[in-house]
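> generate a structure from the sequence data that follows.
(one chain, ligands or ions: 1)
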Amino acid sequence: TVSAGVVAVQGDVSEHADAIRRAADEHGLDAEVTEIRRSGLVPDCDILLLPGGESTAISRLLAREGIDEEVKAHVESGKPMLATCAGLIVSSTDANDDRVQTLDLVDATVDRNAFGRQKDSFEAPLDVEGLDEPFPAVFIRAPLVADVGADVDVLADWEGNPVAIRDGPVVGTSFHPELTSDSRIHDLAFFLNEEASF
Ligand code: GLN
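Numbers count the residues shown, from 1 in each chain. Prediction:
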């Protein structure tokens, strides 16, 4: 059994829980999903998910509940995390917005709502490193990854900008992989991670 934590202070939670269960099932594993709304739960999680939503709110609530330090400790101990959309903004080193207290776990500069100014939301087939077929990526007021550090792997880009990146145990996407029935991004982040063993 894999103990999975979905940070649930704000944003979409149940879709991620379902995607984790499906991805685990493909590997013959059971996922026990815990919704994280307070401190004290993250230390028992093997894998973590930081969903989309509103990055300013997520950032504030993580700090208020003391979950921020636990998420950092999780990643610093090498355990996998998937951070999507607002979750990626919060995980970055620079969100270009003082209201977001970044966790500095993904070496990237991110611009909030940069895609959104042009197109509010759209879906596109995306070639992702490690996946055989394009992934149906749903972008909703998506952040633009403006710059990544030397140790960051770009797994996918869209119109010249990274939209899926990996920094050590963290996979970050500017799109929403939980909004389709395709759980391959969750699989990539958690179960195809060489460093993780369950
Ligand atoms: N635009 C949101 C933010 O800046 C992110 C949107 C999303 O998570 N779908 O936090």
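> what parts of the chain come near the ligand?
Contact residues (Cβ under 6 Å from any ligand atom) of the chain with the ligand: 52-55, 85-86, 89, 112-113, 140-141. Where C-beta positions appear, they are placed from N, C-alpha and C, glycine not excepted.
> give me the number of residues near Leu50?
32 (other Cβ atoms under 10 Å).
> how would you label Asp12: helix, strand or coil?
Three-state call for Asp12 (DSSP: H, G, I helix; E, B strand; the rest coil): coil.
> that one touches Glu54, doesn't it?
No - counting by Cβ atoms under 8 Å, Asp12 sits too far from Glu54 to count as a contact (11.2 Å).
> secondary structure element for Leu131?
Under the criterion of DSSP states H and E, Leu131 resides outside all helices and strands.
> contacting residues around the nearest residue to it once chain neighbours are set aside?
Excluding its sequence neighbours, the residue lying closest to Leu131 (Cβ to Cβ, 6 or more residues apart in numbering) is Arg184, at 5.5 Å. By Cβ atoms under 8 Å, 6 or more residues apart in numbering, the contact set of Arg184 is 23, 128, 131, 135, 177.
> would you confirm that the third one contacts Leu188?
To tie it back to what came earlier, the one meant is Leu131. Yes - assessed by Cβ under 8 Å, Leu131 is found in contact with Leu188 at 6.9 Å.
> what ranges does this protein have for its strands?
2-7, 31-36, 47-50, 81-84, 92-94, 106-111, 121-126, 135-140, 144-148, 153-158, 161-167, 170-173 (DSSP state E).
> list of residues touching the third one?
Spelled out, that is strand 47-50. Contacts for strand 47-50 (Cβ under 8 Å, 6+ apart): 2-7, 16, 20, 36, 42, 58, 71, 74-75, 79-84, 87-88, 90-91, 189-190, 196.
> report the beta-bridge partner residues of the residue nearest the centre of the chain.
By Cα atoms, centre = their mean, the chain has its centre lying nearest to Ala83, at 1.2 Å. Beta-bridge pairing for Ala83 (DSSP bridges): Leu50, Gly172.
> that one and Pro125: what is the separation?
Going from Ala83 to Pro125 by Cβ to Cβ, to the nearest Å gives 22 Å.
> right, I'll call it a day here.
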